[in-house]
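**Student:** Okay, sequence plus prediction incoming.
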Amino acid sequence: MKRRLILFLSVACLVLIWNVYSQHADSKTDVFHYKHSVVGNNSAVTNIVKELAHHQELRQIALETKQTPYGIHLTYRDIETGNVEQEIKETVLFNATYLFVLVDNVDRITFTFPDYTFTMTRDKLDGWYNTQLSTIKQESDVKKLLQHHLKSETKINQFFAD
């Protein structure tokens, strides 16, 4: 009897753990749900940023909505990695790409890290990709674009050298 009870409790625990894990895996937000957001919608912008690279290090979000051009200012803590500068550049490109795709009226995004500050403009990033980011309709297209452009460290560094 005792063995059956232990077996039953073990199976019940495994089912419970599996159920919690499955719910957590499914709870990741579909970031394209926020397509056509605007800078003035702070909850949409915050929810987008929480899904992007290095969101754990994000300290502050400031929205610049008083006058055009509208902007977003993101401030981060230190990123712990071997090549910090390269990781930051990739993060800036990755996050700016998603924000320019999803937020219709953002023209400029400033990324501040403890030792680096980069300001991205929609026009410059559109030119680098040779496409208008606001016309992208599916996340798979953003992923392909990023995969193609972020695979070359030289190309990334050239973007930031201009």
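**Tutor:** Great, that's in hand. Residues are numbered from 1 along each chain as shown.

**Student:** Could you look up the SS state of the spatially most central residue of the chain?
**Tutor:** The centroid of the chain falls nearest to residue 52 when counting by CA atoms, centre = their mean (1.8 Å). Following DSSP: H, G, I helix; E, B strand; the rest coil, residue 52 is assigned to coil.

**Student:** and what of residue 40?
**Tutor:** Classified using three-state DSSP, residue 40 is coil.

**Student:** can I assume it is in contact with residue 64?
**Tutor:** No - in this structure, residue 40 is not within contact of residue 64 by CB atoms under 8 Å, at 10.3 Å. To be clear about C-beta, it is placed using only N, CA and C from the backbone, and glycine gets the same treatment.

**Student:** Report the contact partners of residue 76.
**Tutor:** The contact partners of residue 76, taken as CB atoms under 8 Å, 6 or more residues apart in numbering, are 54, 57-59, 111-114.

**Student:** go again using 6 Å as the cut-off
**Tutor:** 57-58, 113 (CB atoms under 6 Å, 6 or more residues apart in numbering).

**Student:** elements contacting the strand or helix carrying residue 128?
**Tutor:** Using DSSP states H and E, residue 128 maps to helix 122-129. Applying 3 or more CB pairs under 6 Å, 6 or more residues apart in numbering; DSSP states H and E, one finds that helix 122-129 contacts helix 84-102.

**Student:** immediately after the helix it packs on, which helix or strand?
**Tutor:** Taking DSSP H and E, what comes next after helix 84-102 is strand 106-113.

**Student:** strands paired with that following strand, and their directions?
**Tutor:** According to DSSP bridges, strand 106-113 forms sheet pairs with strand 70-76 (parallel), strand 116-121 (antiparallel).

**Student:** quick one: buried residues of the shortest one?
**Tutor:** Of the residues in strand 116-121, those buried by neighbour count under the rule 16 or more other CB atoms under 10 Å are 118, 120-121.

**Student:** The first one too?
**Tutor:** Across strand 70-76, burial judged by 16+ other CB under 10 Å covers 70-76.

**Student:** need these in a markdown table with pLDDT, can you?
**Tutor:** As requested, the buried residues of strand 70-76 are exported to a markdown table (pLDDT from 0 to 100):
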| residue | pLDDT |
| --- | --- |
| 70 | 97 |
| 71 | 98 |
| 72 | 98 |
| 73 | 98 |
| 74 | 98 |
| 75 | 98 |
| 76 | 97 |
